[in-house]
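[1] got a sequence here, can you build the structure:
(one chain, ligands or ions: 2)
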Amino acid sequence: MKTYLRILSYAAPYKGKIALYIISTLLAVIFAGLTFYMVQPMLELLFNPQQQLTAQNLPQFSWSLEYLRSWISYKASLINVQYGRSSGLLFVTLFVVSLNLLGNIFKFFSNVNLGTIRTKVVEDLRESVFAKLIGHQVSYVENERRGDLMSRVTSDVTEVEYSVVITFESIIRDPFNIIYLLALMVMESWQLTLFIFTVLPVSAFLISKITKSLKRDATSTQHTYGQIMSTVDETIGGVRVIKAFRAESYIKSIFDKFNIEYSQLTRAQWHKKALVPIFSESAMVAVVGMTMWYGGNLVYAGEMKASTFIAYIGLFFLLSRPAKGLSQAFSNIYKGIASGERLFQLMDAPVTIKDAPDAKPVKHFSAGIYMENVWFAYGKEPVLKNINIKIEKGKTYALVGPSGSGKSTLAELLLRFYDPTQGQILLDGNDLRSLKTNDLRNLMAVVTQEPILFNDSIYNNIAFGIDNINENDVIQAAKAANAHNFIMETENGYQTSVGDRGGLLSGGQRQRISIARALLKNPAILILDEATSALDTSSEKIVQEALYKLMENRTSVVIAHRLSTIQDADEIIVLDKGEVIEQGSHQQLIAKNGLYRSLYFSQQMEM
Ligand SMILES: Nc1ncnc2c1ncn2[C@@H]1O[C@H](COP(=O)(O)OP(=O)(O)O)[C@@H](O)[C@H]1O
Ligand SMILES: [Mg+2]
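    Ligands and ions are numbered 1, 2, ... in the order given. Here you go, the predicted model:
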């Protein structure tokens, strides 16, 4: 119920539309009911032609439907007498048809407004889920399965639309409709109406039983769907590896497993759902049957006109639609609520990396970044242990160490992708946690081993994330990154699309574009995380050249796989198992006879 109300709250900004919707819906319902109610005088003309041929008296005026009915009969009898009974019948028929037409016009307005509310609510909901997703810290997005997150933004939102938003309609229209029709029915015959109250609650109870168990299933269904999405996502991303390792059948078996699981779960739900009509519709027919029998006897006994009885049955059938609508809405709502819960889970997950309310802006980097007694762990095991380093403005620092020693993690702490579990990182004397994160990241640029490009033009990939860019700057950056020439050779130059994740470019080309991106940002602090290690020797040379240009006159933290590229660094920091074990210039470290020296010489041997 809480989830339902929360979804409902997304409709709040559309109060005006909702009011229009409610008014037009109520009018539509009123006219639809009246149509049937007014059928009685028409039937009376058919069944009792003789009586209708003599002019009746104008009934005493009152604000009631009964008056309207007798007024119609009165008018019809006048026309009958003057123009013949066919004209009287035509008059009543036209009257009933116009009532129905009016009802449908209001229904049109009601549907138009509902359509607007519904699509707007879904738009807003999807927008806020996505905004929350971007707002989350790196660790949240990485720890969830990708497909699962994707299915939340896509299919869960759709599910909410189909099963929750759609109940907006039922919730307003159907109960009103039911009450209104019941009122008309009571006016026709209270004895007959009593019957309905005896059987309907029984079927309503049975339906609610089934609904409860359906909701339990729905949660696991959506979860399995997320796993299907994950598998597809990984397959598309890793198609080369899958083919090269002939792993098609492996990945297919994973997919099949989830697919079958999903199919089994949904099948079970369909089967349960199939039970619903047995109760609702059979109950309905049983009620109708009993009503026929009882009502027929009332007619025989002369307590009710046959025409009234037929109008009554018409009203009763009219009642079946909102009753069914309401029970369907309730039997579907569980799915939407399960999806809604998944959406709100994402929205409510705590954002741990966020600006303090009094976060300070930073526009410049003037002295240095100090890590003081920094510890960090992704899970239980510490990945960085008691790190103490100083990164002074204008100098180049190299981080080296075996793979898994924590180099990338250390770099990501500087960007505040994570916060240290102990100790602090100070930028010009301010703890990173006290600064505006956006400002902090504005001071830095990163080039990683696997450049991340987006399916857009080369131009937009370079200008990525920077406002107010002029074309000349982009071209200058590309030139400095040794990228301009190859860009000009592509079909549409800077407007050429790079394909999904940059797949239409070579590794070296992608890397030069990401260097151009960093150059354009002109950051105070540059972080290079094994920027050339994915490249072959010839493109490594071109890229390395571009990197040196990028590092000129800048504070740089370079994580290098190949030690020959960082010999000139002002300071080399050697990490092993999350600890700084050596620190100094190349000459000092070679003289030390430690890990650096052995790493260095083993690489020399390979050359
Ligand atoms: N997102 C992550 N979640 C959990 N553990 C991680 C994550 N990233 C890295 N690690 C672990 O942290 C340790 C250091 O990793 P990393 O900083 O990437 O090392 P390096 O860059 O030196 O190769 C490794 O043991 C790695 O398994
Ligand atoms: Mg790394």
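[2] what stretches of the chain score poorly on pLDDT?
    Residues of the chain that meet the criterion pLDDT under 70 lie in 49-55, 196, 199-200, 202-204, 206-216, 279-280, 283-284, 607.
[3] all strands for it, in order.
    Listed in chain order, the strands of the chain (DSSP state E) span residues 368-377, 382-392, 396-400, 422-427, 430-431, 444-447, 525-529, 555-559, 571-576, 579-584.
[4] partners of the third one in the sheet?
    Meaning strand 396-400. Using DSSP bridges, the strands paired with strand 396-400 in its sheet are strand 555-559 (parallel), strand 571-576 (parallel).
[5] follow-up on the earlier one: so which of the strands of the chain gets nearest ligand 1?
    Closest to ligand 1 of these is strand 382-392 (CB to the nearest ligand atom; 4.1 Å). All C-beta atoms are positioned from the backbone trio N, CA, C, and that covers glycine.
[6] can you point out the buried residues in that closest one?
    Along strand 382-392, the positions that meet the burial threshold by neighbour count (16 or more other CB atoms under 10 Å) are Pro382, Val383, Leu384, Lys385, Ile387, Ile389, Ile391.
[7] columns distance to Phe344 on top of the strands of the chain, output as a markdown table?
    Rendered in a markdown table, the data for the strands of the chain read as follows (distance: least, CB to CB, whole Å):
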| stretch | distance to Phe344 |
| --- | --- |
| strand 368-377 | 29 |
| strand 382-392 | 32 |
| strand 396-400 | 41 |
| strand 422-427 | 33 |
| strand 430-431 | 32 |
| strand 444-447 | 33 |
| strand 525-529 | 35 |
| strand 555-559 | 39 |
| strand 571-576 | 41 |
| strand 579-584 | 42 |
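[8] so which residues on the stretch 1-150 of the chain come close to ligand 1?
    Proximity of the stretch 1-150 of the chain to ligand 1 is confined to Glu142 under the rule CB under 6 Å from any ligand atom.
[9] in the stretch 1-150 of the chain, which residue sits nearest ligand 1?
    Closest point on the stretch 1-150 of the chain to ligand 1, by CB to the nearest ligand atom, is Glu142, at 5.3 Å.
[10] burial of that residue, as a residue count?
    When neighbours are defined as other CB atoms under 10 Å, Glu142 has 11 of them.
[11] okay but Glu545 is in contact with Ala480, surely?
    No - in this structure Glu545 lies outside contact range of Ala480 using CB atoms under 8 Å: 9.9 Å.
[12] burial count for Ile310?
    18.
[13] so it is in contact with Leu43, correct?
    Yes - judged on CB under 8 Å, Ile310 makes contact with Leu43 at a distance of 5.7 Å.
[14] compare Glu545 and Ala480 (neighbour count), which wins?
    More crowded of Glu545 and Ala480, by other CB under 10 Å: Ala480, with 19 against 14.
[15] residues contacting the more buried one?
    Applying CB atoms under 8 Å, 6 or more residues apart in numbering to Ala480 gives the contacts Ala516, Leu519, Ala546, Lys549, Leu550.
[16] against Ile337, how distant is it?
    To Ile337, Ala480 is 55 Å away according to CB to CB, to the nearest Å.
[17] and if you look at His586?
    As for His586, its distance to Ile337 is 63 Å (criterion: CB to CB).
[18] these two: who's more crowded?
    Set side by side, His586 and Ile337 show unequal neighbour counts under other CB under 10 Å, the larger going to Ile337 at 22 against 18.
[19] ok, the more buried one touching Thr167?
    No - taking contacts as CB under 8 Å, Ile337 lies outside contact range of Thr167: 10.1 Å.
[20] tell me the contacts of Leu20?
    Residues near Leu20 by CB under 8 Å, 6+ apart: Phe109, Asn113.
[21] not counting sequence-adjacent ones, nearest residue to whatever residue of the stretch 251-400 of the chain ends up closest to ligand 1?
    Nearest residue of the stretch 251-400 of the chain to ligand 1, counting by CB to the nearest ligand atom: Tyr378, 3.3 Å away. When the adjacent residues along the chain are set aside, Tyr378 lies closest to Ser139, with 7.5 Å between them (CB to CB, 6 or more residues apart in numbering).
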